[in-house]
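Asker: Pasting the sequence and the predicted coordinates here, then a few questions.
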Amino acid sequence: MPEEPYNPSPIGNPSILARKNWWQTKLVIFIGKHTPKCREMVRILSKSLDEPMPWSMRIKKRIHYLICCWCQRYEEQLLYMRKTARKFAEHADESSAIPVSEEQKERWKQAVRGER
Amino acid sequence: MGGSKSHGAGSRSGHNFSMSNVDIQAAAERWVEEHSECLFRFALIRVRKPEVAEDLVQETFLAAVRGYEKFGGRSSERSWLCGILKNKVVDYFRKLGHETSFTDMEFLSDEFSDKFVSVGFWNHDKGPKEWKPDADEVMHRGEFWQTMRDCLSKLPQKVRDVFTMREMDDVPSKEICTILSISDSNLWVMLHRARMALRECLELNWFDVSAGGNK
């Protein structure tokens, strides 16, 4: 399979630097070469939810976002999912369809009666 | 045991911490009536198997009966019971971690390669789309939680367990590694894949649909 062209932040994409002119193109290519590729960036972003990201990487991340709105969205969405997951348990009533039967409650009561 | 404790807070919910066995059993039966639904949901959402959730809730009640003297009324009964259940769930995961190899090679080897071009940038047609700005509001909708539940259920069990502990219960990474006897790097790979898969699933099944005006 032929190698796909090196093409970060193509013309017309919604990132801040979108190769609207010669200078932007040079800058985009420079940033693309000196910050992690998106495939690596998403791993780094995921890991940053579990341990602090070094300062140098935070700066690279910010610079990378200039040419890549997708990675920036990815990070925002990871944070959104974390916030949502923490709320998920509270909203269990709304998504749980399995009620506790009276028979089950009786089994639990019998178990505690026999405990002491 | 500290059965003769006389706490000032002991009157909360009518507790007397030097109760007889008969009184404790009566109290335990009341816990079943008042808290079992909540505890069952708490367990089920984490372990997903109703029979396992039932066992864990039962173990919780039994442990609560045995350890009632230690409950000083510092929290509500429900928080106390939830705390016991949370430990039971962690024990369950710990046991699972030892019983299984804890990998799902097919899922973990999937690098979502179609998402990226070969040089490593996003495939621009398949990169993350913008989610609706009112994303916070959807948390109040039952359908959203059903979508979330469906998306979580698509993850392989072990990966889902890791995700549940880390993201839902905020268990520290190191502790998860210890509980499940896995390495840091194994944990990060599982979490990364889980987050990527869940993000994709929510986008396809909620945010894209919402953007289409169907929700």
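Answerer: That came through, no problem.

Asker: only C-alpha atoms for contact and neighbour calcs from this point on.
Answerer: Will do.

Asker: Where in chain B is the helix or strand with the lowest mean pLDDT?
Answerer: Ranking every helix and strand in chain B by mean pLDDT, DSSP states H and E puts helix B:105-109 at the bottom, with a mean of 62.

Asker: Can you identify the element that follows that one toward the C-terminus?
Answerer: Sequence order places helix B:142-153 as the next helix or strand after helix B:105-109, per DSSP states H and E.

Asker: Please export the C-alpha coordinates of that next one as CSV.
Answerer: What follows is helix B:142-153, C-alpha atoms only, in CSV (Å, rounded to 0.1, in the frame of the first residue of the first chain):
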residue,chain,number,x,y,z
GLY,B,142,-32.8,8.6,30.6
GLU,B,143,-32.1,7.7,27.0
PHE,B,144,-28.6,9.0,27.3
TRP,B,145,-27.8,6.7,30.2
GLN,B,146,-29.3,3.8,28.3
THR,B,147,-26.9,4.6,25.4
MET,B,148,-24.0,4.8,27.8
ARG,B,149,-25.0,1.5,29.3
ASP,B,150,-25.2,-0.1,25.8
CYS,B,151,-21.8,1.3,24.8
LEU,B,152,-20.2,0.1,28.0
SER,B,153,-21.7,-3.4,27.5
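
Asker: and that helix, how far from the chain's centre?
Answerer: Computed by Cα atoms, centre = their mean, to the nearest Å, the separation of helix B:142-153 from the middle of its chain amounts to 14 Å.

Asker: quick one: buried residues of that helix?
Answerer: Using 16 or more other Cα atoms under 10 Å in any protein chain shown as the test for burial, helix B:142-153 gives B:142, B:144-152.

Asker: Run through those residues and flag the ones next to chain A.
Answerer: Residues of the buried residues of helix B:142-153 in contact with chain A (Cα under 8 Å from any Cα of the partner chain): B:142, B:145-146, B:149.

Asker: any idea which residue sits dead centre in chain A?
Answerer: Central residue of chain A (Cα atoms, centre = their mean): residue A:78, 2.8 Å from the mean position.

Asker: and that residue, how far is that from residue A:50?
Answerer: Relative to residue A:50, residue A:78 is positioned 12 Å away (Cα to Cα, to the nearest Å).

Asker: Over to residue B:155?
Answerer: Noted for residue B:155: a distance of 20 Å to residue A:50, by Cα to Cα.

Asker: Tell me which residue lies farthest from the centre of chain B.
Answerer: Here chain B reaches farthest from its C-alpha mean at residue B:119, the gap being 37.3 Å by Cα atoms, centre = their mean.

Asker: Check what pLDDT that residue gets.
Answerer: If you check residue B:119, the pLDDT there is 76.

Asker: before we move on, what about residue B:87?
Answerer: pLDDT for residue B:87: 88.

Asker: again with residue B:12
Answerer: At residue B:12, the predicted lDDT confidence score is 43.

Asker: the helices in chain A, which residues?
Answerer: Remark: helices assigned in chain A by DSSP state H are A:22-34, A:38-47, A:55-67, A:69-88, A:92-95, A:102-113.

Asker: which other helices and strands contact the fourth one?
Answerer: Put plainly, it is helix A:69-88. Judged by 3 or more Cα pairs under 8 Å, 6 or more residues apart in numbering or on different chains; DSSP states H and E, the packing partners of helix A:69-88 are helix A:38-47, helix B:184-202.

Asker: Could you report the distance from residue A:28 to chain B?
Answerer: Separation of residue A:28 from chain B (Cα to the nearest Cα, to the nearest Å) stands at 13 Å.

Asker: and what of residue A:42?
Answerer: Per Cα to the nearest Cα, residue A:42 is found 8 Å from chain B.

Asker: correct me, but residue B:163 touches residue B:189?
Answerer: No - the criterion here is Cα atoms under 8 Å, and residue B:163 misses it with residue B:189 at 11.1 Å.
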